[in-house]
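Colleague: Could you look at this predicted model? Sequence included:
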There are 2 protein chains.
Amino acid sequence: MAKVTAEITMSLDGFVAGPNRTLEDPLGAGGEELHEWAFRLKTFQEMHGGEGGATDSDDELMAAAVSAVGAIVMGRRMFSGGEGPWADDPNATGWWGDDPPFHKPVFVLTHHEREPLVLSDTTFTFVTDGIESAVEQARSAAGDKNVGVQGGAQAIQQALDAGLLDELQLHVAPLLLGDGVRLFNEDAGRTKRLEQVSVRESPAGVVHLSFRISAPDQAGASRA
Amino acid sequence: MAKVTAEITMSLDGFVAGPNRTLEDPLGAGGEELHEWAFRLKTFQEMHGGEGGATDSDDELMAAAVSAVGAIVMGRRMFSGGEGPWADDPNATGWWGDDPPFHKPVFVLTHHEREPLVLSDTTFTFVTDGIESAVEQARSAAGDKNVGVQGGAQAIQQALDAGLLDELQLHVAPLLLGDGVRLFNEDAGRTKRLEQVSVRESPAGVVHLSFRISAPDQAGASRA
(Lines give C-alpha, C1' and ligand atoms only; values in the text may rest on other atoms or scores of the structure.)
Protein backbone atom coordinates (compact mmCIF):
# COMPACT_ATOMS: atom_id res chain seq x y z
CA MET A 1 0.00 0.00 0.00
CA ALA A 2 1.13 3.51 -0.69
CA LYS A 3 2.78 5.27 2.22
CA VAL A 4 2.24 8.58 3.93
CA THR A 5 5.52 10.45 4.10
CA ALA A 6 6.58 13.84 5.40
CA GLU A 7 9.62 15.63 4.10
CA ILE A 8 11.07 18.91 5.29
CA THR A 9 14.33 20.76 5.89
CA MET A 10 15.18 21.57 9.52
CA SER A 11 18.00 23.53 11.11
CA LEU A 12 20.29 21.75 13.55
CA ASP A 13 18.44 23.54 16.35
CA GLY A 14 15.06 22.31 15.17
CA PHE A 15 13.52 25.13 13.15
CA VAL A 16 11.84 24.87 9.74
CA ALA A 17 11.43 28.64 9.43
CA GLY A 18 13.16 31.57 11.07
CA PRO A 19 11.80 34.49 13.05
CA ASN A 20 10.20 37.64 11.58
CA ARG A 21 8.24 36.00 8.79
CA THR A 22 6.50 38.27 6.30
CA LEU A 23 4.63 37.76 3.05
CA GLU A 24 7.79 38.75 1.18
CA ASP A 25 9.94 36.51 3.36
CA PRO A 26 7.64 33.67 4.46
CA LEU A 27 10.55 31.55 5.71
CA GLY A 28 11.77 34.28 8.07
CA ALA A 29 15.32 35.29 8.93
CA GLY A 30 17.72 32.51 7.98
CA GLY A 31 14.89 30.45 6.49
CA GLU A 32 16.02 30.80 2.88
CA GLU A 33 19.46 29.49 3.89
CA LEU A 34 17.85 26.28 5.12
CA HIS A 35 16.86 25.45 1.56
CA GLU A 36 20.01 26.44 -0.29
CA TRP A 37 20.91 22.78 -0.72
CA ALA A 38 17.66 22.35 -2.72
CA PHE A 39 17.39 25.65 -4.61
CA ARG A 40 20.56 24.85 -6.55
CA LEU A 41 19.24 21.54 -7.94
CA LYS A 42 18.01 20.78 -11.47
CA THR A 43 14.85 19.10 -10.14
CA PHE A 44 13.97 22.14 -8.04
CA GLN A 45 14.59 24.50 -10.95
CA GLU A 46 12.42 22.43 -13.28
CA MET A 47 9.54 22.32 -10.79
CA HIS A 48 9.67 26.09 -10.61
CA GLY A 49 9.81 26.60 -14.37
CA GLY A 50 13.53 27.28 -14.43
CA GLU A 51 16.43 25.69 -16.25
CA GLY A 52 19.86 24.35 -15.36
CA GLY A 53 20.87 23.39 -11.85
CA ALA A 54 23.10 20.75 -10.29
CA THR A 55 22.62 17.06 -11.06
CA ASP A 56 24.52 15.56 -8.12
CA SER A 57 23.41 13.00 -5.51
CA ASP A 58 21.16 15.59 -3.84
CA ASP A 59 19.35 16.04 -7.13
CA GLU A 60 18.88 12.29 -7.51
CA LEU A 61 17.46 12.18 -4.00
CA MET A 62 15.09 15.07 -4.66
CA ALA A 63 13.97 13.69 -8.02
CA ALA A 64 13.20 10.32 -6.42
CA ALA A 65 11.28 11.97 -3.58
CA VAL A 66 9.21 14.12 -5.94
CA SER A 67 8.46 11.18 -8.21
CA ALA A 68 7.36 8.96 -5.31
CA VAL A 69 4.63 11.39 -4.24
CA GLY A 70 1.26 11.28 -6.02
CA ALA A 71 -0.61 13.86 -3.95
CA ILE A 72 0.35 16.49 -1.40
CA VAL A 73 -1.12 17.62 1.92
CA MET A 74 -0.21 21.08 3.17
CA GLY A 75 -1.30 23.55 5.81
CA ARG A 76 -3.21 26.72 5.06
CA ARG A 77 -0.20 28.88 5.83
CA MET A 78 1.95 27.00 3.34
CA PHE A 79 -0.74 27.60 0.71
CA SER A 80 -1.12 31.27 1.49
CA GLY A 81 2.44 32.24 2.39
CA GLY A 82 1.86 32.78 6.07
CA GLU A 83 -0.72 34.94 7.79
CA GLY A 84 -0.79 37.47 4.98
CA PRO A 85 -3.86 38.95 3.31
CA TRP A 86 -4.53 35.73 1.38
CA ALA A 87 -4.94 33.58 4.43
CA ASP A 88 -8.67 34.11 4.82
CA ASP A 89 -9.63 35.42 1.37
CA PRO A 90 -11.82 32.81 -0.33
CA ASN A 91 -10.78 34.06 -3.75
CA ALA A 92 -7.06 34.15 -3.05
CA THR A 93 -4.89 32.12 -5.38
CA GLY A 94 -2.22 31.49 -2.77
CA TRP A 95 1.45 32.27 -2.58
CA TRP A 96 2.70 30.12 -5.43
CA GLY A 97 1.66 32.10 -8.50
CA ASP A 98 -0.15 31.02 -11.69
CA ASP A 99 2.02 27.96 -12.21
CA PRO A 100 2.61 26.39 -8.79
CA PRO A 101 5.59 24.06 -8.48
CA PHE A 102 3.55 21.06 -7.29
CA HIS A 103 2.15 19.69 -10.57
CA LYS A 104 -0.09 17.24 -8.74
CA PRO A 105 -3.22 17.28 -6.52
CA VAL A 106 -2.75 19.33 -3.34
CA PHE A 107 -5.02 19.09 -0.31
CA VAL A 108 -4.96 22.21 1.87
CA LEU A 109 -5.93 22.03 5.54
CA THR A 110 -8.13 25.01 6.35
CA HIS A 111 -11.13 26.13 8.37
CA HIS A 112 -12.63 27.97 5.39
CA GLU A 113 -14.71 26.07 2.86
CA ARG A 114 -14.13 26.91 -0.77
CA GLU A 115 -14.30 25.33 -4.20
CA PRO A 116 -11.21 23.65 -5.61
CA LEU A 117 -8.72 26.00 -7.26
CA VAL A 118 -7.07 24.93 -10.50
CA LEU A 119 -3.84 26.70 -11.40
CA SER A 120 -2.05 25.23 -14.41
CA ASP A 121 -1.53 21.53 -13.63
CA THR A 122 -1.97 21.88 -9.85
CA THR A 123 -5.42 21.51 -8.26
CA PHE A 124 -5.79 22.76 -4.71
CA THR A 125 -8.62 21.07 -2.81
CA PHE A 126 -9.57 22.69 0.49
CA VAL A 127 -10.24 20.30 3.37
CA THR A 128 -12.10 21.56 6.43
CA ASP A 129 -12.57 18.32 8.35
CA GLY A 130 -9.05 17.67 9.55
CA ILE A 131 -5.79 15.89 8.81
CA GLU A 132 -7.24 12.36 8.63
CA SER A 133 -9.68 13.45 5.94
CA ALA A 134 -6.99 15.34 4.03
CA VAL A 135 -4.67 12.32 4.07
CA GLU A 136 -7.53 10.01 3.02
CA GLN A 137 -8.51 12.24 0.10
CA ALA A 138 -4.87 12.57 -0.90
CA ARG A 139 -4.50 8.79 -0.75
CA SER A 140 -7.34 8.37 -3.23
CA ALA A 141 -5.82 10.97 -5.53
CA ALA A 142 -2.30 9.50 -5.27
CA GLY A 143 -3.20 6.08 -6.66
CA ASP A 144 -0.20 3.80 -6.22
CA LYS A 145 2.06 6.64 -5.21
CA ASN A 146 2.72 8.09 -1.77
CA VAL A 147 0.96 10.89 0.02
CA GLY A 148 3.44 13.65 0.87
CA VAL A 149 2.75 15.84 3.88
CA GLN A 150 4.97 18.73 2.88
CA GLY A 151 4.49 21.29 5.58
CA GLY A 152 4.40 23.44 7.38
CA ALA A 153 5.46 22.21 10.77
CA GLN A 154 1.91 22.19 12.11
CA ALA A 155 0.60 19.90 9.35
CA ILE A 156 3.48 17.47 9.91
CA GLN A 157 2.93 17.57 13.69
CA GLN A 158 -0.76 16.85 13.21
CA ALA A 159 -0.03 13.89 10.95
CA LEU A 160 2.61 12.58 13.36
CA ASP A 161 0.39 13.01 16.42
CA ALA A 162 -2.53 11.31 14.65
CA GLY A 163 -0.35 8.29 13.82
CA LEU A 164 -0.80 8.88 10.09
CA LEU A 165 2.86 9.07 9.07
CA ASP A 166 4.78 6.02 7.87
CA GLU A 167 8.02 7.83 7.12
CA LEU A 168 9.74 11.09 7.90
CA GLN A 169 12.49 12.43 5.67
CA LEU A 170 14.50 15.19 7.27
CA HIS A 171 17.14 17.31 5.63
CA VAL A 172 19.16 18.75 8.50
CA ALA A 173 21.02 21.95 7.63
CA PRO A 174 24.08 23.00 9.68
CA LEU A 175 22.47 26.24 10.79
CA LEU A 176 21.41 27.56 14.17
CA LEU A 177 18.42 29.85 13.61
CA GLY A 178 17.84 30.47 17.32
CA ASP A 179 14.17 31.26 16.89
CA GLY A 180 11.25 30.68 14.52
CA VAL A 181 8.94 27.75 13.82
CA ARG A 182 9.90 24.43 15.41
CA LEU A 183 9.25 21.20 13.54
CA PHE A 184 8.48 19.18 16.65
CA ASN A 185 5.88 19.96 19.28
CA GLU A 186 6.89 20.63 22.81
CA ASP A 187 5.02 17.85 24.52
CA ALA A 188 5.81 16.47 27.93
CA GLY A 189 4.09 13.19 27.10
CA ARG A 190 5.82 9.91 26.62
CA THR A 191 9.04 9.58 24.67
CA LYS A 192 8.56 8.65 21.01
CA ARG A 193 11.14 6.47 19.31
CA LEU A 194 11.61 6.51 15.52
CA GLU A 195 13.61 4.01 13.50
CA GLN A 196 16.41 5.59 11.52
CA VAL A 197 16.47 3.79 8.17
CA SER A 198 18.94 5.83 6.15
CA VAL A 199 21.66 8.43 6.52
CA ARG A 200 22.94 10.15 3.39
CA GLU A 201 25.63 12.76 3.09
CA SER A 202 25.10 15.70 0.80
CA PRO A 203 27.58 17.60 -1.37
CA ALA A 204 25.89 20.76 -0.04
CA GLY A 205 26.75 20.12 3.61
CA VAL A 206 23.35 19.03 4.89
CA VAL A 207 22.55 15.49 6.03
CA HIS A 208 19.56 13.52 4.76
CA LEU A 209 17.98 11.34 7.46
CA SER A 210 15.01 9.10 6.95
CA PHE A 211 12.95 7.47 9.66
CA ARG A 212 10.28 4.81 9.79
CA ILE A 213 7.49 5.55 12.22
CA SER A 214 5.75 2.70 13.98
CA ALA A 215 2.01 2.68 14.51
CA PRO A 216 1.15 4.45 17.81
CA ASP A 217 0.34 1.21 19.59
CA GLN A 218 3.77 -0.16 18.71
CA ALA A 219 5.76 3.03 19.24
CA GLY A 220 8.16 2.96 22.15
CA ALA A 221 6.75 4.53 25.23
CA SER A 222 9.40 5.89 27.55
CA ARG A 223 11.08 3.23 29.62
CA ALA A 224 12.18 5.88 32.10
CA MET B 1 47.38 23.77 18.50
CA ALA B 2 45.06 21.64 20.52
CA LYS B 3 41.38 22.20 19.82
CA VAL B 4 38.38 22.88 22.01
CA THR B 5 35.66 20.39 21.23
CA ALA B 6 32.21 19.72 22.59
CA GLU B 7 30.55 16.35 22.37
CA ILE B 8 27.06 15.40 23.42
CA THR B 9 24.09 13.21 22.51
CA MET B 10 20.92 15.03 21.44
CA SER B 11 17.42 13.82 20.59
CA LEU B 12 16.06 14.56 17.12
CA ASP B 13 13.93 17.28 18.70
CA GLY B 14 16.92 18.95 20.32
CA PHE B 15 17.02 17.75 23.92
CA VAL B 16 20.05 16.47 25.84
CA ALA B 17 18.00 15.52 28.90
CA GLY B 18 14.32 14.79 29.39
CA PRO B 19 11.75 16.33 31.74
CA ASN B 20 11.33 15.46 35.43
CA ARG B 21 15.00 15.19 36.35
CA THR B 22 15.84 13.96 39.82
CA LEU B 23 19.02 12.98 41.64
CA GLU B 24 18.19 9.32 40.94
CA ASP B 25 17.36 10.09 37.32
CA PRO B 26 19.48 13.11 36.41
CA LEU B 27 18.83 12.69 32.68
CA GLY B 28 15.05 12.86 33.12
CA ALA B 29 12.32 10.90 31.35
CA GLY B 30 13.70 9.38 28.16
CA GLY B 31 17.18 10.71 28.90
CA GLU B 32 18.74 7.30 29.54
CA GLU B 33 17.48 6.13 26.15
CA LEU B 34 19.48 8.90 24.49
CA HIS B 35 22.69 7.22 25.62
CA GLU B 36 21.87 3.59 24.89
CA TRP B 37 24.14 3.69 21.84
CA ALA B 38 27.05 4.48 24.20
CA PHE B 39 26.21 2.43 27.30
CA ARG B 40 26.61 -0.80 25.33
CA LEU B 41 30.20 -0.04 24.23
CA LYS B 42 33.44 -1.56 25.54
CA THR B 43 35.04 1.88 25.92
CA PHE B 44 32.12 3.13 28.00
CA GLN B 45 32.16 0.03 30.18
CA GLU B 46 35.90 0.34 30.78
CA MET B 47 35.62 4.02 31.75
CA HIS B 48 33.00 3.05 34.32
CA GLY B 49 34.98 0.15 35.76
CA GLY B 50 33.00 -2.49 33.90
CA GLU B 51 33.94 -5.24 31.51
CA GLY B 52 32.78 -6.49 28.14
CA GLY B 53 30.78 -4.41 25.72
CA ALA B 54 30.54 -4.03 21.95
CA THR B 55 33.61 -3.27 19.85
CA ASP B 56 31.91 -2.02 16.69
CA SER B 57 32.40 1.23 14.75
CA ASP B 58 30.64 3.20 17.50
CA ASP B 59 33.19 1.91 19.97
CA GLU B 60 36.06 2.95 17.71
CA LEU B 61 34.52 6.40 17.45
CA MET B 62 34.08 6.69 21.20
CA ALA B 63 37.57 5.40 21.95
CA ALA B 64 39.08 7.93 19.54
CA ALA B 65 37.04 10.76 21.06
CA VAL B 66 38.04 9.84 24.62
CA SER B 67 41.68 9.49 23.68
CA ALA B 68 41.76 12.87 21.89
CA VAL B 69 40.69 14.75 25.03
CA GLY B 70 43.33 15.69 27.62
CA ALA B 71 41.14 17.71 29.98
CA ILE B 72 37.43 18.21 30.49
CA VAL B 73 35.24 21.23 31.20
CA MET B 74 31.82 20.61 32.71
CA GLY B 75 29.03 22.56 34.35
CA ARG B 76 28.25 22.42 38.05
CA ARG B 77 25.09 20.44 37.48
CA MET B 78 26.95 17.77 35.54
CA PHE B 79 29.37 17.47 38.45
CA SER B 80 26.66 17.29 41.07
CA GLY B 81 23.95 15.37 39.23
CA GLY B 82 21.53 18.24 38.86
CA GLU B 83 20.13 20.55 41.52
CA GLY B 84 20.33 17.95 44.25
CA PRO B 85 21.72 18.40 47.76
CA TRP B 86 25.30 18.29 46.48
CA ALA B 87 24.97 21.30 44.26
CA ASP B 88 25.97 23.87 46.86
CA ASP B 89 27.70 21.66 49.44
CA PRO B 90 31.42 22.56 49.46
CA ASN B 91 32.31 19.12 50.75
CA ALA B 92 30.24 17.17 48.28
CA THR B 93 32.07 14.64 46.17
CA GLY B 94 29.67 14.93 43.25
CA TRP B 95 27.47 12.49 41.44
CA TRP B 96 30.11 10.21 39.98
CA GLY B 97 31.21 8.14 42.98
CA ASP B 98 34.69 7.36 44.33
CA ASP B 99 36.07 6.37 40.94
CA PRO B 100 34.68 8.85 38.42
CA PRO B 101 34.73 7.76 34.77
CA PHE B 102 36.78 10.72 33.55
CA HIS B 103 40.35 9.64 34.45
CA LYS B 104 41.76 13.07 33.54
CA PRO B 105 41.67 16.64 34.85
CA VAL B 106 38.15 18.07 35.04
CA PHE B 107 37.37 21.79 35.38
CA VAL B 108 33.95 22.47 36.90
CA LEU B 109 32.16 25.77 36.26
CA THR B 110 30.67 26.98 39.54
CA HIS B 111 29.94 30.06 41.59
CA HIS B 112 31.28 28.42 44.78
CA GLU B 113 35.00 28.50 45.49
CA ARG B 114 36.52 25.31 46.82
CA GLU B 115 39.78 23.37 46.84
CA PRO B 116 40.41 20.80 44.13
CA LEU B 117 38.87 17.40 44.77
CA VAL B 118 40.87 14.28 43.96
CA LEU B 119 38.91 11.07 43.46
CA SER B 120 40.98 8.16 42.23
CA ASP B 121 42.65 9.36 39.01
CA THR B 122 40.25 12.24 38.39
CA THR B 123 40.98 15.71 39.79
CA PHE B 124 38.09 18.17 39.83
CA THR B 125 39.21 21.81 39.83
CA PHE B 126 36.48 24.35 40.56
CA VAL B 127 36.50 27.47 38.41
CA THR B 128 34.55 30.52 39.53
CA ASP B 129 35.64 33.07 36.92
CA GLY B 130 33.80 31.80 33.87
CA ILE B 131 34.01 29.65 30.80
CA GLU B 132 37.03 31.40 29.23
CA SER B 133 39.06 30.76 32.36
CA ALA B 134 37.90 27.14 32.61
CA VAL B 135 38.86 26.49 28.99
CA GLU B 136 42.21 28.21 29.45
CA GLN B 137 43.04 26.16 32.55
CA ALA B 138 41.91 22.99 30.81
CA ARG B 139 44.07 23.87 27.82
CA SER B 140 47.15 24.05 30.07
CA ALA B 141 46.26 20.73 31.67
CA ALA B 142 45.55 19.03 28.34
CA GLY B 143 49.02 19.51 26.87
CA ASP B 144 48.93 18.48 23.22
CA LYS B 145 45.48 16.99 23.54
CA ASN B 146 42.09 18.65 23.09
CA VAL B 147 39.90 20.31 25.67
CA GLY B 148 36.52 18.58 25.81
CA VAL B 149 33.50 20.59 26.90
CA GLN B 150 31.31 17.68 27.87
CA GLY B 151 28.16 19.25 29.17
CA GLY B 152 25.68 19.99 30.21
CA ALA B 153 23.87 22.06 27.64
CA GLN B 154 24.56 25.31 29.44
CA ALA B 155 28.34 24.81 29.48
CA ILE B 156 28.34 23.99 25.77
CA GLN B 157 26.12 27.00 25.02
CA GLN B 158 28.47 29.25 26.98
CA ALA B 159 31.49 27.95 25.09
CA LEU B 160 29.70 28.32 21.76
CA ASP B 161 28.44 31.83 22.53
CA ALA B 162 31.91 32.90 23.69
CA GLY B 163 33.45 31.71 20.43
CA LEU B 164 35.62 29.17 22.27
CA LEU B 165 34.56 26.01 20.41
CA ASP B 166 36.48 24.73 17.40
CA GLU B 167 34.40 21.62 16.88
CA LEU B 168 31.05 20.18 17.88
CA GLN B 169 30.41 16.45 17.79
CA LEU B 170 26.75 15.57 17.99
CA HIS B 171 25.29 12.12 18.37
CA VAL B 172 21.68 12.48 17.25
CA ALA B 173 19.36 9.80 18.62
CA PRO B 174 16.06 8.99 16.83
CA LEU B 175 13.95 9.98 19.81
CA LEU B 176 11.43 12.73 20.38
CA LEU B 177 11.57 13.66 24.07
CA GLY B 178 9.08 16.52 23.74
CA ASP B 179 10.43 18.38 26.75
CA GLY B 180 13.54 18.73 28.88
CA VAL B 181 16.86 20.51 28.46
CA ARG B 182 17.60 21.89 25.01
CA LEU B 183 21.16 21.85 23.69
CA PHE B 184 20.84 25.09 21.78
CA ASN B 185 19.80 28.44 23.17
CA GLU B 186 16.70 30.13 21.92
CA ASP B 187 18.25 33.30 20.59
CA ALA B 188 16.65 35.60 18.08
CA GLY B 189 20.05 36.98 17.08
CA ARG B 190 21.74 36.40 13.80
CA THR B 191 21.79 33.01 12.13
CA LYS B 192 24.89 30.95 12.88
CA ARG B 193 26.26 28.63 10.21
CA LEU B 194 28.41 25.62 11.11
CA GLU B 195 30.45 23.55 8.70
CA GLN B 196 29.49 19.90 8.65
CA VAL B 197 32.74 17.95 8.37
CA SER B 198 31.63 14.37 8.87
CA VAL B 199 28.55 12.17 8.91
CA ARG B 200 28.85 8.66 10.30
CA GLU B 201 26.19 6.01 10.54
CA SER B 202 25.94 3.94 13.68
CA PRO B 203 25.03 0.28 14.14
CA ALA B 204 22.87 1.49 17.06
CA GLY B 205 20.62 3.70 14.95
CA VAL B 206 21.97 7.10 15.90
CA VAL B 207 23.90 9.38 13.54
CA HIS B 208 27.25 10.95 14.40
CA LEU B 209 27.63 14.46 13.01
CA SER B 210 30.68 16.60 13.44
CA PHE B 211 30.90 20.31 12.74
CA ARG B 212 33.70 22.85 12.48
CA ILE B 213 32.88 26.19 14.03
CA SER B 214 34.38 29.31 12.55
CA ALA B 215 35.65 32.12 14.73
CA PRO B 216 32.84 34.57 15.53
CA ASP B 217 34.19 37.24 13.20
CA GLN B 218 34.15 34.78 10.30
CA ALA B 219 30.88 33.03 11.12
CA GLY B 220 28.08 33.61 8.67
CA ALA B 221 25.71 36.31 9.77
CA SER B 222 22.26 35.86 8.37
CA ARG B 223 22.00 36.92 4.77
CA ALA B 224 18.23 37.27 5.18
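Modeller: Looks like it arrived, so ask away. Numbering: from 1, shown residues only, chains lettered A, B, ... in the order given.

Colleague: which other helices and strands contact the helix or strand bottoming out on mean pLDDT in chain A?
Modeller: Counting by mean pLDDT, DSSP states H and E, the weakest-scoring helix or strand in chain A turns out to be helix A:76-80, with a mean of 89. Counting contacts by 3 or more CB pairs under 8 Å, 6 or more residues apart in numbering or on different chains; DSSP states H and E, helix A:76-80 is packed against strand A:106-109. Every C-beta, even on glycine, is put in place using the N, C-alpha and C of the backbone.

Colleague: Packing partners of the strand it packs on?
Modeller: The contact analysis (3+ CB pairs under 8 Å, 6+ apart) places strand A:106-109 against strand A:69-75, helix A:76-80, strand A:122-127, helix A:131-142.

Colleague: related to what we said a few turns ago, in the least confident helix or strand of chain A, which residues are buried?
Modeller: For helix A:76-80, burial by neighbour count (16 or more other CB atoms under 10 Å in any protein chain shown) applies to A:76-80.

Colleague: residue ranges with poor pLDDT in chain A?
Modeller: Scanning chain A for pLDDT under 70 picks out A:83-88, A:188-189, A:215-224.

Colleague: Please enumerate the strands of chain A.
Modeller: If DSSP state E is used as the criterion, the strands of chain A fall at A:4-11, A:15-17, A:69-75, A:106-109, A:117-119, A:122-127, A:146-149, A:167-173, A:175-176, A:181-182, A:192-193, A:195-201, A:207-212.

Colleague: May I see those arranged in TSV, with mean neighbour count and distance to B:Q158 as well?
Modeller: Supplementary listing: the strands of chain A in TSV, determined by neighbours: other CB atoms under 10 Å in any protein chain shown; distance: least, CB to CB, whole Å:
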stretch	mean neighbour count	distance to B:Q158
strand A:4-11	23	20
strand A:15-17	28	21
strand A:69-75	24	37
strand A:106-109	26	41
strand A:117-119	15	50
strand A:122-127	20	47
strand A:146-149	28	38
strand A:167-173	22	24
strand A:175-176	25	15
strand A:181-182	20	23
strand A:192-193	24	30
strand A:195-201	16	30
strand A:207-212	20	26
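
Colleague: Quick one: closest of the ones you listed to B:T123.
Modeller: strand A:175-176 (33.6 Å; CB to CB).

Colleague: Mind listing the strands the closest one pairs with, and their directions?
Modeller: In the sheet, strand A:175-176 lines up against strand B:192-193 (antiparallel) (DSSP bridges).

Colleague: Distance from the chain centre to the partner strand, please.
Modeller: 20 Å (CA atoms, centre = their mean, to the nearest Å).

Colleague: and A:I156, how many neighbours does it have?
Modeller: Counted with other CB atoms under 10 Å in any protein chain shown, the neighbours of A:I156 add up to 25.

Colleague: bridging residues for the closest residue to it other than its chain neighbours?
Modeller: Spatial nearest neighbour of A:I156, excluding adjacent residues (CB to CB, 6 or more residues apart in numbering or on different chains): A:A6 at 4.6 Å. For A:A6, the beta-bridge partners are A:V149, A:L168 (DSSP bridges).

Colleague: Tell me how far A:A6 lies from B:G163.
Modeller: Distance of A:A6 to B:G163, given as CB to CB, to the nearest Å: 36 Å.

Colleague: same deal with A:A162?
Modeller: From A:A162 to B:G163 the distance is 43 Å (CB to CB).

Colleague: which residues sit in contact with the closest residue to A:H111 other than its chain neighbours?
Modeller: Closest residue in space to A:H111, ignoring its immediate chain neighbours: A:T128 at 6.1 Å, by CB to CB, 6+ apart. The neighbours of A:T128, taking CB atoms under 8 Å, 6 or more residues apart in numbering or on different chains as the test, are A:110-113.

Colleague: Is there a quick PyMOL command that grabs whichever of these are buried?
Modeller: Command for PyMOL, covering only those of these found buried under the criterion 16+ other CB under 10 Å:
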select buried, chain A and resi 110
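
Colleague: Among the helices and strands packed on strand A:106-109, which comes closest to A:G151?
Modeller: That would be, of these and by CB to CB, helix A:76-80, which comes in at 5.0 Å.

Colleague: what sits up against that closest one?
Modeller: Contacts of helix A:76-80 (CB under 8 Å, 6+ apart): A:83, A:86-87, A:92, A:94-96, A:106, A:108-112, A:124, A:150-152, A:154-155.
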